[in-house]
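Asks: Sequence and computational prediction follow.
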Amino acid sequence: MPIPHGFRDLKVYQLAYQLAMEIFHQSKSFPPEEKYSLTDQIRRASRSVAANIAEGYRKKRYPKMFVSKMADADGEATETQVWLDFARDCGYLSPQLQAKLTVGYEEVGRMLGGMINYPEKFSA
């Protein structure tokens with residue numbers, strides 16, 4: 001597997017970014033009273049996944065820092081799944097869309113797990 005030239009080349013980053021953008025667009029239809037709670041939380045958590053991946057990849061020559069940021073990204077991905085559950089159960093997302101996004105975040109988690117377990121594959 002060739003080493004990517006930058007974080008934007010990482011499949012995990014691309015997927016996390018795509019999922020965050022889908023959440024952004026879907027959350028535009030959440031009710032106004034959710035603006036400073038669920039809408040803000042789900043957007044922040046989903047964006048943090050991609051941001052932590054980018055930040056961690058920049059630190060790839062320091063394995064402990066790299067692993068720490070990838071673990072942070074994984075934690076944010078899990079948090080996002082919780083907010084997706086709330087959005088579904090509050091009636092803001094269809095069960096089908098919530099399931100599709102959850103599958104995406106589970107895939108992100110699997111990829112991050114591989115990066116955490118084998119950081120040497122990404123070192124500079």
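Replies: Looks like it arrived, so ask away. Residues are numbered from 1 along each chain as shown.
Asks: Would you list the phi and psi of K28?
Replies: Dihedral pair for K28: phi -60, psi -30, per degrees, to the nearest 10.
Asks: Quick one: distance of the longest helix belonging to the chain to the chain centre.
Replies: Secondary structure of the chain per DSSP state H: the longest helix is helix 63-89. Put simply, helix 63-89 sits 6 Å off its chain's centre (Cα atoms, centre = their mean, to the nearest Å).
Asks: on contacts alone, who are the packing partners of it?
Replies: helix 11-27, helix 40-58, helix 95-117 (3 or more Cβ pairs under 8 Å, 6 or more residues apart in numbering; DSSP states H and E). For every residue, glycine as well, the C-beta is placed using N, CA and C.
Asks: and among the ones you listed, the most buried is which?
Replies: Among the helices and strands packed on helix 63-89, helix 40-58 has the highest mean neighbour count (mean count of other Cβ atoms under 10 Å), at a mean of 21.
Asks: circling back: columns distance to E33 and mean pLDDT on top of the helices and strands packed on helix 63-89, output as JSON lines?
Replies: Output for these, formatted as JSON lines (distance: least, Cβ to Cβ, whole Å; pLDDT from 0 to 100):
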{"stretch": "helix 11-27", "distance to E33": "13", "mean pLDDT": "98"}
{"stretch": "helix 40-58", "distance to E33": "12", "mean pLDDT": "97"}
{"stretch": "helix 95-117", "distance to E33": "20", "mean pLDDT": "98"}
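Asks: Of all those helices, which one comes closest to T78?
Replies: helix 95-117 (7.1 Å; Cβ to Cβ).
Asks: between the closest one and helix 40-58, how big is the angle?
Replies: Per axes from the mean of the first three to the mean of the last three Cα atoms, to 10 degrees, the angle that helix 95-117 makes with helix 40-58 is 30 degrees.
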